[in-house]
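1. Output the structure for:
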Amino acid sequence: MPPLFPTLDTLATPALLLDEARMMRNIERLAGHARALGVTLRPHLKTAKSLEIACRLGGPITVSTLAEAEAFHAAGHADILYAVGIAPQKLPRVQALRAAGCDLVVILDSLGQARAVTEAGVPALIEIDSDGHRGGLLPDDPALLEVAAVLNGAGLLRGVLTHAGESYGVRGRDAHAAFAERERAATLARRNRRGDRHA
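-> Down below sits the predicted model:
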């Protein structure tokens, strides 16, 4: 008769192994830090891909595929950010999730995408390029205000978002703090420019 629980030698892969006590300490520490800063914690679940872990996290979440959004919504999560530049052909799935009660928000960085989500009635965040690593509009790109105007005119602008993907290549608190500052500065750069009254 096979053992009730597999050993590391017999475990089928891929598999996720976690130290639950350590995970809960990390979750509580991160949540406490967010509370102290007065910000909302919205963890990205692309690594864990686990309903059980999402349940322990609670609150809003971030996903990298619509399949993840559908699975997490089916499990009771209603505040979800789809953090990949939206492709117009995926909007019907987004609309279906929203119609089912999920506050699913998308991200974008072009006028074409803004027009498509406006026609679909889907709220969006504008992605800002803070390090030249991924998608997004540079803070001084004139298209940023055009995209914002299209979304805002339809009542669908939820704000801006940035992520410095280059930060994955550095180590240490100081290096990560420097990337965090780049992200902060990039998201505020347009607002702080003189002459941009509506930014």
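2. quick one: the helices in this structure?
-> 20-37, 51-57, 66-74, 91-99, 111-120, 143-153, 173-189 (DSSP state H).
3. who wins for proximity to residue 10 among those helices?
-> helix 20-37 (21.0 Å; Cβ to Cβ). (Glycine included, C-beta is placed from N, CA and C.)
4. shaky segments in this structure?
-> Confidence mapping of the chain against pLDDT under 70 gives the ranges 1-5, 165-167, 190-199.
5. 50 instead?
-> Applying pLDDT under 50 to the chain picks out residues 194-195, 197-199.
6. give the contact list for the residue nearest to residue 189 when sequence neighbours are not counted.
-> In space, and not counting its chain neighbours, residue 189 is closest to residue 139: 3.6 Å by Cβ to Cβ, 6 or more residues apart in numbering. Counting by Cβ atoms under 8 Å, 6 or more residues apart in numbering, residue 139 touches 128, 129, 186, 187, 189, 190.
7. Quick check: the farthest pair among these?
-> Farthest pair in the contacts of residue 139 (Cβ to Cβ) is 129 and 190. Separation: 11.9 Å.
8. about what we covered before: highest neighbour count among the contacts of residue 139?
-> Among the contacts of residue 139, residue 128 has the most neighbours (other Cβ atoms under 10 Å), with 23 neighbours.
9. is it in a bridge, and if so with what?
-> Taking DSSP bridges, one obtains residue 137, residue 162 as the residues bridged to residue 128.
10. ok, it touching residue 185?
-> No: Residue 128 lies out of contact with residue 185 (Cβ atoms under 8 Å); the separation is 10.2 Å.
11. Next, format the helices of the chain as a markdown table and append distance to residue 133.
-> Below are these laid out as a markdown table (distance: least, Cβ to Cβ, whole Å):
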| stretch | distance to residue 133 |
| --- | --- |
| helix 20-37 | 24 |
| helix 51-57 | 26 |
| helix 66-74 | 22 |
| helix 91-99 | 25 |
| helix 111-120 | 19 |
| helix 143-153 | 18 |
| helix 173-189 | 10 |
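12. Residue 152 and residue 85, how far apart?
-> When distance is defined by Cβ to Cβ, to the nearest Å, residue 152 is 19 Å away from residue 85.
13. Give me the neighbour count for residue 97.
-> Neighbour count for residue 97, taken as other Cβ under 10 Å: 21.
14. which ones are touching it?
-> Residue 97 makes contact with 66, 69, 70, 73, 80, 104, according to Cβ under 8 Å, 6+ apart.
15. hmm, try it at 7 Å
-> 69, 70, 73, 104 (Cβ atoms under 7 Å, 6 or more residues apart in numbering).
16. ok, now residue 95?
-> 120, 122.
17. let's number from 7 now, not from 1
-> Sure, I'll start counting at 7 from here, so that last one is residue 101.
18. ok, back up a step: switch the contacts of residue 145 over to JSON lines; also include distance to residue 149.
-> Below are the contacts of residue 145 laid out as JSON lines (distance: Cβ to Cβ, whole Å):
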{"residue": "134", "distance to residue 149": "12"}
{"residue": "135", "distance to residue 149": "12"}
{"residue": "192", "distance to residue 149": "15"}
{"residue": "193", "distance to residue 149": "16"}
{"residue": "195", "distance to residue 149": "15"}
{"residue": "196", "distance to residue 149": "11"}
